[in-house]
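> 3D, please:
(one chain, ligands or ions: 1)
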Amino acid sequence: MTYVVTDACIRCKHMDCVEVCPVDAFREGENMLVIDPDACTDCNMCLPECPVDAILPDIEPGLERWLELNARFAREWPEVTVKRDAPADADEHKGEPGKFEKYFSPEPGEGD
Ligand code: F3S
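Purely as a prediction, here's the structure:
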């Protein structure tokens, strides 16, 4: 099992999750994070930290798309372990439908 970041993270990117991960499993894209499934140890520390409920365990149904996205971009995006401020308009995008189609970027983020 692993935890996965879903499209709820896109343009919210609160980054509370990275501070609690004991194995530094988060990777940073331009406007969302993913979890490296090979690093994640299923500890569950990150899930309750996300203010927009973007992190889910992969045992939930319907997450195949996000599992694939996390695994792919975990190989391409830099590690991130230090929280930075969320985007100024993060709250405006909380719960917005269709965020992947509208805003997803394959570009890497800053990383640490
Ligand atoms: Fe994204 Fe939630 Fe982390 S919005 S950056 S998964 S705390």
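> my guess is residue 38 contacts residue 74, does it?
Yes: the pair residue 38 and residue 74 passes the contact test of Cβ atoms under 8 Å, sitting 7.5 Å apart. Every C-beta, even on glycine, is put in place using the N, C-alpha and C of the backbone.
> more neighbours, these two?
More crowded of residue 38 and residue 74, by other Cβ atoms under 10 Å: residue 74, with 23 against 10.
> With adjacent residues omitted, what lies nearest to that one?
Counting by Cβ to Cβ, 6 or more residues apart in numbering, residue 36 is the residue found nearest to residue 74 once chain neighbours are left out, at 3.7 Å.
> Neighbours of that neighbour, how many?
Residue 36 has 20 neighbouring residues, counting by other Cβ under 10 Å.
> For it, give me the backbone phi and psi.
Dihedral angles of residue 36 (phi, psi; degrees, to the nearest 10) stand at phi -70, psi 110.
> Correct me if wrong: it contacts residue 28.
No: with the criterion set as Cβ under 8 Å, residue 36 and residue 28 do not qualify as a contacting pair; they are 11.3 Å apart.
> Measure how buried residue 28 is and give me the count.
Other residues within reach of residue 28 by the criterion other Cβ under 10 Å amount to 23.
> Equivalent analysis for the one 3 residues further on, please.
Under the neighbour criterion other Cβ under 10 Å, residue 31 is assigned a count of 18.
> Assign a three-state SS to it, would you?
Secondary structure state of residue 31, per DSSP: H, G, I helix; E, B strand; the rest coil, is coil.
> Give me the distance between it and the ligand.
10 Å (Cβ to the nearest ligand atom, to the nearest Å).
> again, but for residue 62
Summarising the geometry, the distance separating residue 62 from the ligand, computed by Cβ to the nearest ligand atom, is 18 Å.
> got the contact list for residue 43?
Contact criterion Cβ atoms under 8 Å, 6 or more residues apart in numbering gives 22-23 as the residues in contact with residue 43.
> Try it again at 10 Å.
Counting by Cβ atoms under 10 Å, 6 or more residues apart in numbering, residue 43 touches 3, 20-23, 25.
> Overlap in contacts, residue 38 and residue 74.
Taking Cβ under 10 Å, 6+ apart as the contact rule, residue 38 and residue 74 both touch 2, 25.
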